[in-house]
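Q: attaching a predicted model along with its sequence, questions to come.
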Amino acid sequence: MNIDPIYSGLDEEQRSAVSAMDRSDRLIELASLRNRPTRELMAELAGLASIPVVHYIELIENPTATVPLRLIHEYQCVPIRIDEETAAGAPIALATLWPPDEMMDRWIYAVSGRKAHWYMGDPEQITETITQHFGVGAGSLDESDLVNDISEAEEAEDEDAAVIRFVNEVVQKAVSDRATDIHFEPHRDELQIRYRIDGELVTVRVPDNLIRFQGAIISRLKIMAKLNISEKRRPQDGRISFGAGDSELDIRISTFPTMYGESVSLRLLNQKSKPLSMRELGLADDEEKKLTHALSTPHGIILVTGPTGSGKSTSLTAFIRLINKPERRIITVEDPVEYEVPGVNQTQVHPEIGLTFAQSLRAVLRQDPDVIMVGEIRDRETADIAIRASLTGHLVLSTLHTNDAPGALTRLVDMDIEPFLIASSVEMIIAQRLVRRLCPNCAQPAHYEDRQIASFLTTMRIDPGEAVHGHLAKSPIGCERCRKLGFRGRVAMFEILRMSDEIHEHIVKRDSARLIRQTAVSQDMRTLMQSGWAHIKNGTTTFEEVMRYAELESDDS
């Protein structure tokens, strides 16, 4: 078969790169390079290879009894049901995401005694089927012996090589699923692996015999991070540089001793992640205008607040991208550097050698910056330097851990910063929270009763008259594209507080956050709940997602 036309439009370097990829990545990469839908390209490839296309994957009963787990993972193919009844010795129907070669045919015949009848299937659907039914990396740790009748067959992997391959596959799958964290959690009878995807923990299906390899897997992770593998009684921290296809990961690793072994957490930072634009953050048009105006000021402080994991660093990076101009010198101090922005001078703190935020900020001021981004204001010293920098002609962007925008002002006062300095330097405070974004492929209109919608709006402190828009709300369903979760990605809710004369007076008088909030709302500040309600009406998220943060609208905030 000649499938060369599938590479049309690619130069020699691109063709070589695609050919060197894993089978599971080739078609998706080709679709990206040729700017064509994957399914359309799959149909073209199937025609070139004279292989029929299957649009729905239904596994046969007990598939691993027919095709060993190792081959399913290595060749990325699954035995599927085509006919209700199949005569003994008849060919096996196999769905593949790339045309098979002669070796694949020979292996299938060697292990099953039956010829293979190949079908082309959607790459994402086949990959997801393998993950859901056979686990991540299960083929690496499969102990079943393949027959050795084929002269070209390689020897079985030893245990060390299998563990290395398993760990790599777990990380690579996490990257493809857009996970931000991986947790290896030892329990009495199992080693559980979970991904954090869109802020939620998702259990990963793994081989049943994983507990046998627990020690080797943990040791492998510690070796990758250059940690002491013999020290199992104390927590350790390290980092791993990992290449996953086109992605370059900076992985932060933390070990913690538990009753049944060491728990290991990995934070995945993709060095090639593309920072979001202002519109992709989820800002409304009027909010974007307010923020753009504040970012155009030559000096002052703009603060982004929220708990850990609320997307503060992502927002700051989007702001930096917006104001990044050749005539502006921008320097950032971060922990860690999550996104690389061309043209921006970025550095990372190292507290272990004394390079803290405060120490770095002092040095930055001697570098003639126009804009300074400080990853986080953690103490009085950093806050004091940041405020004085803003008063001497610098635009300073930073973050604080507070529940809402008004709370950031009282937090600075609590840090013993003089109120008049806060009132003179702070230009804008943005509070944000992340909610899961409904999968656009499967979301359906929600069917709430009128009293439910009224109850939601009352809790969110939204005008009850808005209930007439309740029919716009949608609910999650779940499909292959979103891993049956009903959600894919996240979007931010924003609360933007702009300074005014009245708020300045509150700060100088050391008034409470509650009074500041009341004044800000009276001056048309849109609250987090109002921002969430706008996302609900747009069909972006659900009532349940927004209601998780409804307590922030209490009178005591």
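A: Perfect, thanks for sending it. Numbering: from 1, shown residues only.

Q: ok so residue 267 is a strand residue?
A: Yes - under DSSP: H, G, I helix; E, B strand; the rest coil, residue 267 falls within a strand.

Q: OK, contacts around it?
A: Listed by Cβ atoms under 8 Å, 6 or more residues apart in numbering, the contact set of residue 267 reads 180-181, 251-254. No exception for glycine: its C-beta is placed from N, CA and C like everyone else's.

Q: ok, of those residues, which come out buried?
A: Buried by 16 or more other Cβ atoms under 10 Å: 180-181, 251-253, out of the contacts of residue 267.

Q: ok, of the contacts of residue 267, which one's closest to residue 21?
A: residue 251 (21.9 Å; Cβ to Cβ).

Q: surely that closest one forms part of a helix?
A: No - assigned with three-state DSSP, residue 251 falls outside any helix and is strand.

Q: how far away is it from residue 230?
A: For residue 251, the distance to residue 230 (Cβ to Cβ, to the nearest Å) stands at 22 Å.

Q: for the contacts of residue 267, which one is nearest residue 501?
A: residue 180 (41.6 Å).

Q: is the closest residue to that closest one other than its chain neighbours in a helix, a strand, or coil?
A: Leaving out its chain neighbours, the residue that sits closest to residue 180 by Cβ to Cβ, 6 or more residues apart in numbering is residue 196, at 5.3 Å. With three-state DSSP as the basis, residue 196 sits in strand.

Q: give me the buried positions along stretch 209-226.
A: Buried-residue list, stretch 209-226, by 16+ other Cβ under 10 Å: 210-211, 213-222, 224-225.

Q: next step: these restricted to helices.
A: Mapping those onto helices (DSSP state H) picks out 214-222, 224.

Q: need the three-state assignment for the residue lying closest to residue 345 once chain neighbours are set aside.
A: Distances taken as Cβ to Cβ, 6+ apart place residue 331 nearest to residue 345, at 4.5 Å, with adjacent residues excluded. Under three-state DSSP, residue 331 falls in the strand class.

Q: local confidence estimate at residue 331?
A: Note on residue 331: pLDDT of 96.

Q: enumerate every residue touching it.
A: 344-347, 364, 367, 369, 371-373.

Q: which of these lies closest to residue 403?
A: For those, the nearest to residue 403 is residue 373 (22.6 Å; Cβ to Cβ).

Q: which residue packs closest to that closest one, ignoring adjacent ones?
A: residue 332 (4.0 Å).

Q: near residue 9, how many other residues are there?
A: For residue 9, the neighbour count with other Cβ atoms under 10 Å is 13.

Q: that one in helix, strand or coil?
A: coil.

Q: now swap in the one 5 residues further on and tell me
A: Under the three-state scheme (three-state DSSP), the conformation of residue 14 reads as helix.

Q: related to what we said a few turns ago, touching, the residue nearest to residue 373 and residue 367? I think so.
A: No - the pair residue 332 / residue 367 is not scored as a contact, 11.6 Å apart, by Cβ atoms under 8 Å.

Q: what touches both of the two?
A: Common contacts of residue 332 and residue 367, defined by Cβ under 8 Å, 6+ apart, comprise residue 345.

Q: between the two, who's got more neighbours?
A: Legend: neighbour count by other Cβ under 10 Å for residue 332 and residue 367, higher for residue 332 (24 against 10).
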